[in-house]
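Chemist: Return a 3D structure for these sequence lines:
(chains A and B)
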Amino acid sequence: MADNTFDAIVVGSGISGGWAAKELTERGLKVIMLERGHNIEHIKDYESTNKPTWEYPHRGGRTQQMIKEYPVLKRDYPLNERSLHWWVKDSECPYTETKRFDWFRGYHVGGRSLMWGRQTYRWSDIDFEANAVDGHGVDWPIRYKEIDPWYTHVEKFAGIQGTVENLPQLPDSHFLPGMPLNIVEKDVAARIKQHYDNKRTLIIGRTAHVTAPIPGRTPCQYRNMCANGCPFGAYFSTQSSTLPAAMATGKLTLRPFSIVTEIIYDKDSKKAKGVRILDAETNQTHEFFSKVVFLCASAFNSTWVLMNSATDIWPEGLGSSSGELGHNVMDHHFRCGANGDVEGYDDKYYYGFRPTGFYVPRFRNLPGDEKRGYLRGFGYQGAANRQGWSREVREMNIGADLKDMLAEPGPWRIGATAFGEILPYHDNTISLDKAKKDKWNLPVLAMNVTIRENEKTMRVDMQNDMKEMLEAAGVKNVDTYDNEYFPGMGIHEMGTARMGKDPKTSVLNANNQVWDCKNVFVTDGACMTSAACVNPSLTYMALTARAAAFAVDELNKKNI
Amino acid sequence: MDRRELLKLIALATGTAFVGGEFFLSGCTNPEAGPSVEFSQDDVAYLDEVGETILPKTNSPGAKEAKIGAFMTIMVNDCYSAADQKAFHAGLQQLNDECKKMHDVTFMKATPEQRKSLLIKLDGDAKEYAKKKPDFDAQQVKKQKEEHEKGNTGFEKERWTAHYFSMMKQLTISGYYTSKEGRMGSMRYTPVPGKYDGDLNYKKGDKAFAGLD
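Modeler: Below is the predicted model:
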């Protein structure tokens, strides 16, 4: 084989790309993984992971200079002194906001698998059937029974902690021991369960953290420093999990600084021959060839690659024949809920910094329940904690007493934010803005995405339901809040190359193959046909592993 | 969304996080990098004393030991908006003027007791002033919504400028409890807890646990 020829090309090295590389190499393929950004080596390059707050000149905060240089990142938490080096510099990689869209990206080996929230939930058939039931978007081409074994497959390897709950709307994963709720959360959970006659539950937030030893990984040490990379490899990332496995096969080549600019499409065979890249350091163009291509560059960037490919045949790009490429953008809307004071428990505290909180699975609009004034539903993520030194102490002014008091844990509070499903709207779009270029003179994306009445109506329940539950559990001074949501803030971009049953209305088939080009697979958030209300990463993992197994089968059968 | 940030989202939502808490979380709309006025070494020494009055040395280190004056100047220079910098610098003078008015001496020449009674008064003034913040914020949210509906998507709401003493107090508290001296000297520093216990017995006086961040 020539240096630039492989069995498979994987574009992107985040959660989906890492899984594609692992599964394809373990099934015997020679693979190159192309990553547009720089390399980050596991542990060695987690430069801030052991750094205490006082070693930062601004104690982890943000400076005016940073705000100026990061006009998008500044809109939410990613702009901070600790993890700035892992977020994309807005000025180098601009995009067009036809409507405000907050796009938070990680261009480096590992992608956002290094910075993700690690919340990990299975979908249920309620989610896979949702589009078919209410007629929004198109029907998913698969059901739970088809993805169930693949959930198990990825969970066993990734390591997911959680508790078995037997809930139809939130199927249990293959779990490592669950992290415990704290004493207040436990009592609130019991009161909610009783008040709502088992119809509503509060459980530990399921996450991709190792709580028992698995090969090559050390269980969580409860530092809650995940966002800076874990030196114990305790949370799932490309670096801690899939990349070492793929490397161990001896069949993986990893090439950082490789911006894939297009898929090389051969119109005679109707297949992709490979990809063209721009070296981000040298600005040289290179070509790589393969039998299959896995696009795992994150939803919008995979779509961008398709839009720039085979334009001589399809002006809007490879996969655009359905008219759905770049449409149906989804995210999760959140930043609203309720919180309040927990009285008592002055004699209780907790030890360790738990890297998850509680989760309240969806309870609205489930089959057989009364219908609300909107479709679909939401879940909650929250926590009960004793307040820290930054609490307001109204009765205290200054002096030794203030210092002593703030060095002690404050009163308990409990709160949660909902995460709601966004419907797939055809006119929520991304498109190419050829007038604007990035640092490499490549055209950028233009975002035109809004939430609609369904989401806005849902937000009322998202606030009031938590208030009602907390009050039912005896929580005092409960307030609702809505801190505003703008599309993209959930960092769960989905839907721009959706799966479906019909090539006229979808970009991908049931095996994540581009209908118009069967040896190109898209398995990141772009493939999602609907959004559900749970965090999506586990579903990307399962779909990727499933598609990789299918691709190898098809190669062996000489079907692609 | 990262877990630490989720907690902040939930905690800040009520507005019970103390005034100035947002300094760590968000900046102003029109950043002008760099300090508008320089601090002198005298200013650093002066702010050390202000900080020490707010969080004095007891059986645990005081704010001065945590180099609070230098911390305040770095934060104001690098992280404050131009408007906040201006308010802070004016505050240096105003605090001294208030001291002369109350005790007939400059702050640096005042006794610890005089300093304390002055700052207690200023703390009251600052708390009174902060009561206007919710109305101001609500109006700005309304304005932003209107502008966005008009299609002016770039519009971002104006931020409240806090009372100078709120700034000094907030910087002292945040600087102290994120310093090595504050964490190791006044709290239980556990950078690698190794386990989680959600049902730990606690008695009044036990210190809070602090980690790396």
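Chemist: what's the following helix or strand after the helix or strand containing residue A:479?
Modeler: With the criterion set as DSSP states H and E, the secondary-structure element containing residue A:479 is strand A:476-482. Using DSSP H and E, the next helix or strand after strand A:476-482 towards the C-terminus is strand A:513-514.
Chemist: helices or strands next to that next one in the packing?
Modeler: For strand A:513-514, the helices and strands in contact under the criterion 3 or more Cβ pairs under 8 Å, 6 or more residues apart in numbering or on different chains; DSSP states H and E are strand A:517-522. C-beta coordinates here come from the backbone N, C-alpha and C atoms, glycine included.
Chemist: counting contacts, what elements does the strand it packs on pack onto?
Modeler: Checking 3+ Cβ pairs under 8 Å, 6+ apart, strand A:517-522 ends up next to strand A:258-266, strand A:271-279, strand A:292-295, strand A:513-514, helix A:537-556.
Chemist: TSV for the ones you listed, including mean pLDDT and mean neighbour count?
Modeler: Shown next, in TSV, are the helices and strands packed on strand A:517-522 (pLDDT from 0 to 100; neighbours: other Cβ atoms under 10 Å in any protein chain shown):
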stretch	mean pLDDT	mean neighbour count
strand A:258-266	98	21
strand A:271-279	98	20
strand A:292-295	98	32
strand A:513-514	98	24
helix A:537-556	98	23
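Chemist: Partner strands of the strand holding residue A:479 and their direction?
Modeler: Each strand that strand A:476-482 pairs with, and the sense of that pairing, follows from DSSP bridges: strand A:336-342 (antiparallel).
Chemist: what's next to the strand it pairs with, contact-wise?
Modeler: A:184, A:188, A:380, A:382, A:384, A:411-418, A:459, A:462-464, A:466-467, A:470-471, A:475-483, A:485, B:10-11, B:13-14 (Cβ atoms under 8 Å, 6 or more residues apart in numbering or on different chains).
Chemist: In the chain, what residue spans correspond to helices?
Modeler: Looking at chain A here, since you left the chain open. Per DSSP state H, chain A carries helices over the ranges A:15-26, A:64-69, A:125-128, A:130-134, A:144-158, A:183-195, A:243-248, A:299-307, A:400-406, A:453-472, A:537-556.
Chemist: Chain B was what I was after
Modeler: Under the criterion DSSP H, chain B carries helices at the ranges B:3-12, B:41-54, B:68-79, B:82-103, B:112-130, B:133-149, B:164-177, B:180-186.
Chemist: Out of those, which is the most enclosed?
Modeler: Ranked by average neighbour count under the criterion mean count of other Cβ atoms under 10 Å in any protein chain shown, the helices of chain B are headed by helix B:164-177 at a mean of 26.
Chemist: I'd like to know which elements that helix is packed against.
Modeler: Where contact means 3+ Cβ pairs under 8 Å, 6+ apart, helix B:164-177 is packed against helix A:400-406, helix B:41-54, helix B:68-79, helix B:82-103, helix B:112-130, helix B:180-186.
Chemist: switch to 6 Å and redo it
Modeler: Based on contacts counted as 3 or more Cβ pairs under 6 Å, 6 or more residues apart in numbering or on different chains; DSSP states H and E, the elements that helix B:164-177 packs against are helix B:41-54, helix B:68-79, helix B:82-103, helix B:112-130.
Chemist: Much appreciated, bye for now.
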